[in-house]
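Visitor: Just need the structure, nothing else, for what follows:
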Amino acid sequence: EAAQDSPQVSVREYLDACRAGQYETAAEYLALEGDSSSRGPELARRLKAVLDHHLWIDLSLLSPLSEGNPADGLGDGVDRLGAVLGIGGRPETVQLVRRVDADRVRWVFSSGTVSRIDLWYSALGDRWVRENLPEVLLRPGPGELLWWQWLALLPLMALAWALGRLFGVLSRRLFAH
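Guide: Numbers count the residues shown, from 1 in each chain. Sure, this is the predicted structure:
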């Protein structure tokens, strides 16, 4: 059983909040400083898009301990979630840090990670779609595919069916002679 103030539980709660479209809640899991504090929900949404694109997060591999993974060599209060390709294709670490607030202890994405969210997000190929579709279509559906991706399958299947019929007719005519 994972401790309530462990990296595993914090990342699960962040992901759950994002899946539900509750980006205000998800922003509580970001180390927001200075100008970024007013952009918390937007940064939480963008980070989720980056993580979806670059990382497969297996929660069972994250530390269930309050103090994080003591054997990772990162020191107390720091854990590594994974890496995202940055500028020039170099991997950049996504880190979590242990934060003690007046009312609770939790793990949050580090300020270094938060400072790179916009750069990582700007490199996503589907950024236009994410910025212009209604929010409801950007939420995950079955299999973690976004609803717009599920809807896009319908015309693609129709197109594949039509092309299959066309190539069937053409090949029958070609081989009939």
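Visitor: Name the single longest strand found in the protein.
Guide: Once the chain is assigned using DSSP state E, the strand that runs over the most residues is strand 91-100.
Visitor: Check which residues of that strand are buried.
Guide: Neighbour-count burial for strand 91-100, with 16 or more other C-beta atoms under 10 Å as criterion, is recorded at E92, T93, V94, Q95, L96, V97, R98, R99. (Glycine included, C-beta is placed from N, CA and C.)
Visitor: In terms of secondary structure, what does the helix or strand bottoming out on mean pLDDT in the chain contact?
Guide: Of all the helices and strands that make up the chain, helix 127-132 has the lowest average by mean pLDDT, DSSP states H and E, namely a mean of 77. Contact analysis of helix 127-132 by 3 or more C-beta pairs under 8 Å, 6 or more residues apart in numbering; DSSP states H and E lists no helix or strand as a packing neighbour.
Visitor: What residues sit buried inside that helix?
Guide: Going by neighbour count (16+ other C-beta under 10 Å), the buried part of helix 127-132 is R130.
Visitor: For stretch 142-156, give the mean pLDDT please.
Guide: Across stretch 142-156, pLDDT averages out at 79.
Visitor: May I have it exported as CSV, CA atoms only?
Guide: C-alpha atoms of stretch 142-156 as CSV (Å, rounded to 0.1, in the frame of the first residue of the first chain):
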residue,chain,number,x,y,z
PRO,A,142,-11.1,4.5,-23.6
GLY,A,143,-7.5,3.3,-24.0
GLU,A,144,-6.2,6.7,-23.0
LEU,A,145,-6.9,8.0,-26.5
LEU,A,146,-8.4,11.5,-26.6
TRP,A,147,-12.0,11.8,-27.7
TRP,A,148,-11.1,13.7,-30.8
GLN,A,149,-8.9,10.8,-31.8
TRP,A,150,-11.8,8.4,-31.4
LEU,A,151,-14.0,10.6,-33.5
ALA,A,152,-11.3,10.9,-36.2
LEU,A,153,-11.4,7.1,-36.5
LEU,A,154,-14.9,7.2,-38.0
PRO,A,155,-14.0,9.2,-41.2
LEU,A,156,-10.7,7.3,-41.5
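Visitor: List the buried residues for that stretch?
Guide: With burial defined by 16+ other C-beta under 10 Å, the residues of stretch 142-156 counted as buried are L146, W147, W148, Q149.
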